[in-house]
Structure formats: C-alpha cells, structure tokens
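Below are the sequence and a predicted model for it; my questions follow.
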Amino acid sequence: ATCGPRHYGHAHVFVCGTPDMVYSLTGCTKVVTCKTPADTTGYHLKEASLDTHRWDVTATCATHFRGTPKVTECEEDGLHYAVSGCMPDMCVRPVGLKEYAKFAEKSLAVHNFEVTAECAWGYEGTPSAAVCSGPNQPYTMTGCVATTTTTTSTTTTTTTTTTSTTTTTTTTITTTSTTTTTITTTTTTTTTTSTTTTTTTTITTTSTITTTTTTTSTTTTITTTSTTTITTTTTTSTTTSTTITTTSTTTTTTTTTSTTTTSTSTTSTSTTTTTSTTTTTSTSTTVTVPKLVCLAPADSTGYVVSEYDLIQEEFKVEAACSSEYIGNAAVVDCTEEDNHYKLTGCDKKIYCKKPSISGYDVKETSLVMQNFKATATCSSGYHGVPQVAKCSETISEYSLSGCSVNVCKAPPSTIGYSVSEMELRQPNFQVKVACATGYGGTATVTACTGHQSEYQLSGCQRVEAFCLSPSVTEGYVVKETDLRMDVFKATATCAPGWSGTAKVSVC
C-alpha cells in the first residue's frame, strides 16, 4: 500500500489474525491545507507551503504598520490561518484650527486616512485634509480663508472748449439786419448702478445790430457760446430728459452804399481733459465671537469625531471609538475654566496571544482583552476541567489550566505477547509488542482511552505447531516426548556402532 491523494506518511499493511477477518492499514495521515486570511491588511505574506505537516508561511508588517507579526496555522482543512501583531500608524488632530468646523474623522490610520471638515463661520473656501507624515503626528488642514469684500469707484471730469469770433467788414452792401435767438435745452434720462452720468445744457445766443448813416455803416456782430457741464454721481438714479427748442428771427433789409471795415479776431481755443480714476479696495473680515466657543482637545487619538456646533449654548459634538480602540465614547462640553471639550470612554485594544501549551483545544471568539472571549476543551489524551483566563496589560498571553495528560497502564495479562513499554503518557504513548513464542499473528497495541485505564493488546493467537521427526535417524536413538514446537521435548543418543555427542534442536 501507499498513501493516497491528500494523505502523507508511510503506509503499512498488517495481516489479519484469522481467516475472513480484515487486514489493517496504518501510517497515512490526511493533509490539512490552510487558506489565506480574507483580510491581510497590514501584512506582507510569503506562503511557501500551506500544508500544516510542512508548514512554511512567514509575515512582515506592511508599510504604515508596525509590531511583531505572528502566523497561526488553521486547525482543520480548508479553514483560514490567522495573522496578528501588526498595528497601523495613526495620525492625531492638529491644534488651533479656528478656520474649520464639523470634523468627521472616519479613519486616522495612515494607510486609509479619511477626514472631512467644513469652513467655520467667517471663513470660506474648499477645506482639505492631508495625511500626517508619520505615526502620532498631526494631519494638516488647508483651504479655508477669511471672507473678503472689494469696492471700486471711478470718477471722470471733462472740460470743454470755448471759441469767440468778431468780424468787421467795409464794403458797399445791401445791409440785412437779422436777430436770431435759439435756445436748446436737452436733458437725458439714464438709470444705472454705480455709474457716473454727465448732463450738458448748451445755450447759444447770436445778436446782430446794424446802424446805418449817410456815409458810414458800421456793423457789429457779437456771438457768445456758453457751455455748462453738470456731473452727477449716483448709485442708482433715474433722470427724465426733455428737449425744448425756441427760435425767434427778425429781418430788416436796407439797400445802401456803404463802406465796411472788416476785422477778424480769434480769441483762444483751448481743450483740457482731466481724467481721475480712484480705485479703493478694502478687505474686511467680520467674525462674530460667541460667548464661549469650545475647542477640540489637543489629542483625539482613538476617537472618530463629528463636530456640528461648537458654541457652548448649542454644543453638539458626536464621537465613536476608532477601529483600534474599544469602549463607549462620550463627549463632555467645555467650561469657562477650560474651553476644550473632552473625549472619554475609549481604550486602546490590547490583543491577547495564544500560549504555547499543549493539551487544549481552544475556540477563540475575541482576542481583545477588553472583550476577551474564548472557550477550551481538553485535547485527546488529556483529562480534567479546562479553564481560560484573559491576558493583562503586563502579561500578553492568555492562560489555560485544568487539563492533565492521561497515563495508561498495562493490562492484567500479557500472555502470548512480548511487551516493551517505552512511554505510557497518552499523547506520546509508545509500547512495542510482538507475539510470544507459540503464538502467531500480528501483534498490535492500542492506547488507553482515559487516565489510568489499560492499553489493549491484540492480534496474537496460540499456534499448535508440531515438529516432524527427521526423515533420517541412522546413527541415532531418538526419544520424542512432546513434538509441540513451543514445548518441544526430545532426546537422542548415538546408536551402537556410532560415537559422538547427540544433540536435538527444535524445528
């Protein structure tokens, strides 16, 4: 025989003791293969062999994790093995974050950092949280700045040009005296916001006076143009425009011969434009300071905090224990003496380790010391009442007690067997046995099933084997008393005529 698939060892075949009985097979053990844990976060695993009889799995802590990694084999085929010992690097909340509010710290672990917040009242922007640079270092917040208001004002002033002309002409003419007065008034309606509107009213008066004598006619023409500029600056205004034009003409015609002297003079032409632009930008930050605003504690390690309102009268902050902490999180608001609110109730998880002790079958439900739960039974080959006690802050392993090893004892009769007792403690039980002389079969030994109970011997049966007389006895005188092999008794002497020392050997 050889070991079949998914079995290992050295196969042995033992013959049956009597006809029509089954022979026995021993030496092969079923292979137990573990599976990779469903969650390997925090670990780098090297799996050379997942079979427990040639187990070779090692672990190291992944980036942003630290500790002493431990790999524990599975107990049954197809189950997951366990890894433990690596803890994540954690960030802490920075102090002095007056620009931010309503923090939600979903995870402070460096490897999956997730923190959100809002800008506090009086601040604006897009807040962003950046993971810390190392374990127990503060993370950083950016994006919120003080609120800014900008006002711009522009003023423009324009100066117009005035021209005056006087002409005197000497000639023989037909003199026409015309007096024309034209008045034009224009008002424009404009509605704007923060806009400067300029309204101009122009009045033009032309006067011609003609004086005629017998020999001399003197004509004097006076033209006057007056421009008035009115500048009005309004934030929001409405002006109604009305245009009125009035023309009055008087004409007198006289035909005469006269001498006219013409003189032309142009008196000043000037244009001056002045533009003045004034831009004023003012930035002001208005922050309403409540009667008392609570601040976050300097160290919030172990808590996931959500800040909704930090004003003491309306204080609302919620907290929960983070993934590596346990307990009932509570928030205590601030006071006049201490303006930091307080976080209580969460303790860092302490993980208990399995002790290196045999004789127990343990079912571990929770290895966290603060919520430790495990049960145990005595392993095969042990007896007693098992007890499990959780670890402590100073002792990292939980303890097992109450189970003792079974010790076997020999059966009252070992007739037919040759027995050699090497180890009677049941887990390492070792007794060698063989069939005694006169017995045949396959000797087997079975360990006891309880403390101080007897181990069992089987497989050897008495064999009635007889020796036959030798076919040649010449030279001997033989006396056969009992030819049964196990109690053989026969004697011999030299026959007459023969000499020597006769000897008989059992078959």
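Structure received. Residues are numbered from 1 along each chain as shown.

The nearest residue to G302 once chain neighbours are set aside: how many residues sit nearby?
Once flanking residues are discounted, G302 sits nearest to Y325: 3.9 Å by Cβ to Cβ, 6 or more residues apart in numbering. To be clear about C-beta, it is placed using only N, CA and C from the backbone, and glycine gets the same treatment. For Y325, the count of nearby residues is 19 (other Cβ atoms under 10 Å).

Quick one, grab the pLDDT at the most centrally placed residue in the chain.
Residue closest to the average C-alpha location in the chain (Cα atoms, centre = their mean): N112, at 2.1 Å. We have a pLDDT of 92 for N112.

Repeat that for N428.
87.

I'd like the distance between it and A447.
10 Å (Cβ to Cβ, to the nearest Å).

okay, the residue lying closest to Y81 once chain neighbours are set aside: pLDDT?
Nearest non-adjacent residue to Y81, counting by Cβ to Cβ, 6+ apart: C34, 4.1 Å away. If you check C34, the pLDDT there is 95.

residue contacts, C34?
L50, T52, V57, E73, C74, L79, H80, Y81 (Cβ atoms under 8 Å, 6 or more residues apart in numbering).

Beyond the helix or strand containing V431, next helix or strand please.
Counting by DSSP states H and E, the element that carries V431 is strand 430-435. Following strand 430-435 in sequence order, the next helix or strand is strand 439-446 (DSSP H and E).

List the buried residues in that next one.
Of all the residues in strand 439-446, those buried under the rule 16 or more other Cβ atoms under 10 Å are Y439, G440, G441, T442, A443, T444, V445.

That strand to strand 430-435, inter-axis angle?
Between the axes of strand 439-446 and strand 430-435, defined by axes from the mean of the first three to the mean of the last three Cα atoms, to 10 degrees, the angle is 160 degrees.

what's strand 439-446 in contact with?
The contact list for strand 439-446 (Cβ under 8 Å, 6+ apart) reads 14-17, 24, 416-419, 431-435, 455-463.

the strands in the stretch 301-450 of the chain, which residues?
In the stretch 301-450 of the chain, the segments counted as strands under DSSP state E, counting those that start in this stretch are 303-309, 316-321, 325-332, 342-348, 360-366, 373-378, 382-389, 399-405, 417-423, 430-435, 439-446.

Format these as CSV; extra columns: distance to T142.
Converted to CSV, the strands of the stretch 301-450 of the chain look like this (distance: least, Cβ to Cβ, whole Å):
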stretch, distance to T142
strand 303-309, 18
strand 316-321, 23
strand 325-332, 26
strand 342-348, 24
strand 360-366, 40
strand 373-378, 44
strand 382-389, 50
strand 399-405, 51
strand 417-423, 71
strand 430-435, 72
strand 439-446, 76
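
Please work out which of those strands is packed deepest.
Across the strands of the stretch 301-450 of the chain, averaging neighbours per residue (mean count of other Cβ atoms under 10 Å) puts strand 303-309 on top, at a mean of 20.

elements contacting that one?
If you count contacts as 3 or more Cβ pairs under 8 Å, 6 or more residues apart in numbering; DSSP states H and E, strand 303-309 packs onto strand 100-107, strand 316-321, strand 325-332, strand 342-348.

any chance of those strands in a markdown table, plus distance to G4 and mean pLDDT?
Listed next are these as a markdown table, based on distance: least, Cβ to Cβ, whole Å; pLDDT from 0 to 100:
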| stretch | distance to G4 | mean pLDDT |
| --- | --- | --- |
| strand 100-107 | 50 | 89 |
| strand 316-321 | 52 | 93 |
| strand 325-332 | 48 | 93 |
| strand 342-348 | 50 | 93 |
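
CSV please, covering these and showing distance to C132.
Shown next, in CSV, are those (distance: least, Cβ to Cβ, whole Å):
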stretch, distance to C132
strand 100-107, 12
strand 316-321, 20
strand 325-332, 18
strand 342-348, 18
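
between those strands, which gets nearest to L310?
strand 100-107 (6.2 Å; Cβ to Cβ).
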